[in-house]
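>>> sequence first, then the predicted structure:
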Amino acid sequence: MAEIVVVGSLNLDTTARVGRLPAPGETVLGTGHSTDTGGKGANQAVAAARLGRSVAMVGRTGADDAGARIAAVLGAEAINVANVTVDDGAPTGMAFITVDAEGENMIVVSPGANTTMTVKHIERAAEVIAAARVLLLQLEVPVDVVHHAAGLCSGTVILNPAPAVDLPAGLLEMVDILVPNRTELATLTASEPATDPEQISRQLDLLPIPTGIVTLGAKGALVRTAGETTAVPAPVVEAVDATAAGDAFCAGLADAVVAGADPITAARWAARVGAATVTRRGAHASLPTRAEVEAAG
């Protein structure tokens, strides 16, 4: 059985590079574009596999070239795709990404077949999910699917609540580690985005979770666990593209948890994985191996 199981989205990404991000209603000329396999679920699965973990993916694609391309990429990373199913009536999910010269991005996702995943598909993968050391979840697939998967896992449940949506009663009680950014945390707590560590800590304390790790981009992360808050800085790197950085962080966290790390130690490793990711362009193309993270220092 896989050490890490990822239940989540599978997309094909189209990325345009621009000097600056456009304002609403504005057109800007790009400096190039590319396509890459992605989706938060697939990103986290590939990132965890490149760190050396055995990984299984639970997801859904369309019966199209994009879906076949994603399945081939996952297979090439030695990810178990037995529970990646195909929807004959919906296209594979697509993400449209714009990245500026500083590596900041704007993303629009057309979820396609990701939205047709049901509890039935989770039940089909129940044995694999139940046996996982870590279950990685995000919110680019239906929330009832995420909720059901969390209830099946006897290991550590990590939820990356992106994109931020209202969650059903009881889901957060099943989560061991919540990994939002400031905006997602604000949505979950019906608050304004926090501007300092004290506000972040107070917002996390409103949620029924044992550990919250709030990602702060180039500033690293804040870990709130056992009533204490710890700042985890990110390594200083030259950022090129932040598209998959959050997913790489989550994968690094899962990798460290499988190894038995405490939340603070896990977050430090996750920050290194995320930092290595932003130095390269693309989604899957940017995800580093363990050796590459270690070599980056």
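Nice, I can see it.

>>> check the gap between Glu26 and Thr14 for me.
19 Å (Cβ to Cβ, to the nearest Å). (Glycine included, C-beta is placed from N, CA and C.)

>>> likewise for Leu204?
35 Å.

>>> those two: which is more packed in?
Between Leu204 and Thr14, counted using other Cβ atoms under 10 Å, the more crowded position is Leu204 (24 against 15).

>>> which SSE is the residue nearest to that one when sequence neighbours are not counted in?
Counting by Cβ to Cβ, 6 or more residues apart in numbering, Leu204 lies nearest to Gly212, which is 3.9 Å off, once chain neighbours are set aside. Element membership of Gly212 [criterion: DSSP states H and E] is strand 211-215.

>>> right, and the helix or strand after that strand?
strand 221-225.

>>> and the contacts of that following strand?
For strand 221-225, contacts defined as Cβ atoms under 8 Å, 6 or more residues apart in numbering pick out 197, 200-201, 204-205, 210-216, 229-232, 234, 249, 263-264, 267, 270-271.

>>> same check on stretch 178-197?
Here stretch 178-197 makes contact (Cβ under 8 Å, 6+ apart) with 158-165, 167, 172, 200, 202-204, 206-207, 209, 211-217, 222, 229, 231, 246, 249-250, 253.

>>> kindly report the same for stretch 67-74.
Outside stretch 67-74, the residues within contact range by Cβ under 8 Å, 6+ apart are 10-12, 37, 39, 42, 45-46, 57, 61, 81, 84, 86, 92, 113, 284.

>>> what is the lowest-pLDDT residue among those?
Checking pLDDT across those, the minimum falls on His284 at 81.

>>> the stretch 151-297 of the chain: helices as residue ranges?
Per DSSP state H, counting those that start in this stretch, the stretch 151-297 of the chain carries helices over the ranges 182-188, 197-205, 245-258, 263-277, 290-296.

>>> just name the most buried of those helices.
Stretch with highest mean neighbour count among the helices of the stretch 151-297 of the chain: helix 245-258 (a mean of 28; mean count of other Cβ atoms under 10 Å).

>>> by how many degrees do it and strand 221-225 diverge?
Angle, helix 245-258 to strand 221-225, by axes from the mean of the first three to the mean of the last three Cα atoms, to 10 degrees: 40 degrees.

>>> other SSEs contacting helix 245-258?
Helices and strands touching helix 245-258, as assessed by 3 or more Cβ pairs under 8 Å, 6 or more residues apart in numbering; DSSP states H and E, comprise strand 4-7, helix 40-50, strand 134-137, strand 156-159, strand 211-215, helix 263-277.
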